[in-house]
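Colleague: this is a predicted model, with the sequence first.
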Amino acid sequence: MEQQHISKAGMPWKLYSLLLVLAAAGTLGLLPSAPAMFAGVQQRMGMPLPLFMVATFLQTFLISAVLGFLGLLLSRKTGLGAPLFESLVYRKPDVANGAAAVTPASPKSGPGRILALSAAFGVLAGAVIFGVDLLFLRWIEIELTGAASAPLWWQGLLSSLYGGINEEIMMRLFFLNGSLWLLTLFGRKATVPWRVWIAVIVSSLVFGLSHLPAVQAMMAVDPTMVVRVLVLNLIPGIVFGLLFWKRGLLAAMTAHFSADVLLHGVLPLLMPSLAGS
């Protein structure tokens with residue numbers, strides 16, 4: 001009986017343990033680019049580089065761990081979670097992911113096809129972001145401030161793990177589910193499409209806002225730059241949110257990782273002049 005894998009409080013501990021391992025891997029992937037991106041922050045704090053790296057890891061991992069825990073609890077209320085991961089962890093193709101046995105995020109086709117399509121959507125989203133950003137760069141000039149520098153292509157490639165894993169745990173599993181749960185206060189059924197759409201858009205806006213501190217640490221931020229950051233993150237945020245709704249967390253992670261590989265790994269390698277833009 002599948003409920004044997006879930007505590008009386010409704011917490012899938014095996015699934016949470018898997019997310020912790022993935023979050024640790026994603027956090028480690030971020031570390032090689034941290035000295036370049038946040039050199040100014042490190043200098044202002046007066047921290048030695050090794051201590052700064054440890055602090056960066058602990059802060060990032062703990063935030064992912066706490067929001068992942070809360071996100072899984074919220075998923076029991078909304079029905080949106082990680083069906084493919086649950087199938088892997090519990091070795092059951094029909095693992096319940098919430099109060100209902102079948103959720104809108106339950107996989108309806110083979111995992112390989114779902115992940116391939118998710119990767120394709122991610123690459124497409126990355127290409128759209130790149131094209132839109134070229135338009136922004138016609139009106140604004142990017143100048144890195146202080147000691148900050150653009151990560152090398154391989155550092156950007158590794159940081160794609162952070163984007164694909166940690167940011168999806170935070171933004172889709174927690175913030176999207178949290179927004180959707182709040183909307184249930186206005187009605188019993190959480191997965192009414194208009195409510196999910198609102199939750200997708202809200203979490204995408206939060207996704208954009210969450211990038212502003214990192215951008216501010218590297219370059220001057222004015223109203224145009226704020227609009228740029230919000231728009232460039234709203235586009236993929238909606239794509240990832242819809243994938244999370246229809247196919248679950250792993251699909252959103254796959255799309256996000258694929259988009260970041262293109263934007264932060266492949267394009268900087270092929271066009272070094274665009275690094276840091």
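Modeller: Perfect, thanks for sending it. Residues are numbered from 1 along each chain as shown.
Colleague: what's the longest helix in this protein?
Modeller: Assignment by DSSP state H gives helix 49-78 as the longest helix of the chain.
Colleague: distance from that helix to the middle of the chain?
Modeller: 12 Å (CA atoms, centre = their mean, to the nearest Å).
Colleague: past that helix, which element shows up next along the chain?
Modeller: Next helix or strand after helix 49-78 toward the C-terminus (DSSP states H and E): helix 83-90.
Colleague: rewinding a little: other SSEs contacting the longest helix of the chain?
Modeller: If you count contacts as 3 or more CB pairs under 8 Å, 6 or more residues apart in numbering; DSSP states H and E, helix 49-78 packs onto helix 13-30, helix 34-37, helix 39-45, helix 177-183. All C-beta spots, glycine's among them, are computed from the backbone N, C-alpha and C.
Colleague: could you export the ones you listed to TSV, including columns for mean neighbour count, distance to Glu168 and mean pLDDT?
Modeller: TSV is the format used below for the helices and strands packed on helix 49-78 (neighbours: other CB atoms under 10 Å; distance: least, CB to CB, whole Å; pLDDT from 0 to 100):
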stretch	mean neighbour count	distance to Glu168	mean pLDDT
helix 13-30	18	9	97
helix 34-37	20	20	90
helix 39-45	16	24	83
helix 177-183	21	12	94
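Colleague: Thr60 is nearest to which of these?
Modeller: With distances scored as CB to CB, the stretch of the helices and strands packed on helix 49-78 nearest to Thr60 is helix 13-30 (4.6 Å).
Colleague: in this structure, what spans have low per-residue confidence?
Modeller: Within the chain, the segments meeting pLDDT under 70 span 1-10, 92-109, 146, 187-191, 273-277.
Colleague: swap the cut-off to 90 and go again
Modeller: 1-11, 36-47, 77, 90-111, 137-151, 184-194, 214, 216-222, 269-277 (pLDDT under 90).
Colleague: any idea of the angle the longest helix of the chain forms with helix 83-90?
Modeller: Relative orientation of helix 49-78 versus helix 83-90 (axes from the mean of the first three to the mean of the last three CA atoms, to 10 degrees): 100 degrees.
Colleague: now helix 49-78 and helix 13-30, what's the angle there?
Modeller: Using the same axes, to 10 degrees: helix 49-78 against helix 13-30 is 140 degrees.
Colleague: buried residues, helix 49-78. List them.
Modeller: The neighbour-count check on helix 49-78 (16 or more other CB atoms under 10 Å) flags 52-53, 56-57, 60-61, 63-65, 67-69, 71-78 as buried.
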